[in-house]
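Undergrad: Structure of the sequence below:
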Amino acid sequence: MGNDVVDPAVLPVRQPTGLPFDVGRVVAPMVGQSDLPFRALCRQLCNCKTNFPIVCYSAMLDARKFVSLPDNDARENAFDLLGDAGSEAAIASRASLRKCDRPLVVQLAGNEPSVLATAARLAKETGRVDAVDLNLGCPQRA
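TA: Here you go, the predicted structure:
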């Protein structure tokens, strides 16, 4: 095992078809880890090395819990894993980070088609989501 580090700028990029946005690199979803500050850090570090769009996923969200959230603000906070609104400074910082958090794919987990469809529609209605990924069988708990 050496210290072989691959420079992302030299990796080939293939554009998938059928997506509503360009893809350069993808930061995959991680349960409980893909919060807004982590995505912002990944985007900043990746953009320093390449000029390709960085697509990030939200952490996996339970579709049933997501549907039960009271409003769009709570749903947007769920994408970010940040909980309640917090102080005025925290709200301003979050708003600044959210401006750069595109494209964003939200990952919804569940096994009930009607609940998944409702959750996907509600995610789209927030205006923050560029695509929805359905997770129908991950053993992790959302």
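Undergrad: name the helices or strands packed onto the strand or helix carrying Ser58?
TA: Here Ser58 sits within strand 54-62, counting by DSSP states H and E. Using 3 or more CB pairs under 8 Å, 6 or more residues apart in numbering; DSSP states H and E, the elements in contact with strand 54-62 are strand 25-27, helix 36-49, helix 72-80, strand 104-109. For glycine as for every other residue, the C-beta is placed from the backbone atoms N, C-alpha and C.
Undergrad: 7 Å instead, please
TA: strand 25-27, helix 36-49, strand 104-109 (3 or more CB pairs under 7 Å, 6 or more residues apart in numbering; DSSP states H and E).
Undergrad: What's the mean pLDDT across the first one?
TA: Regarding strand 25-27, the rounded mean pLDDT is 81.
Undergrad: Would you give the sheet partners of it, along with the direction of each?
TA: Here strand 25-27 has these sheet partners by DSSP bridges: strand 54-62 (parallel).
Undergrad: got the contact list for the partner strand?
TA: Strand 54-62 has contacts (CB atoms under 7 Å, 6 or more residues apart in numbering) with 23-35, 39, 42-43, 46-47, 78-79, 81, 103-110, 133, 135, 138, 140, 142.
Undergrad: Among the residues you listed, name the buried ones.
TA: Buried by 16 or more other CB atoms under 10 Å: 24-27, 29, 34, 39, 42-43, 46, 78-79, 81, 103-110, 135, 142, out of the contacts of strand 54-62.
Undergrad: hmm, back to that, go ahead and name everything in contact with the following helix or strand past the strand holding Ser58.
TA: As assigned by DSSP H and E, the chain's next helix or strand after strand 54-62 is helix 63-68. Contacts with helix 63-68, where a contact means CB under 7 Å, 6+ apart, come from 75, 78, 108-110, 115-116, 118-119, 122.
Undergrad: Mind doing that once more with 6 Å?
TA: Residues outside helix 63-68 that contact it (CB atoms under 6 Å, 6 or more residues apart in numbering) are 108, 110, 115-116, 118-119.
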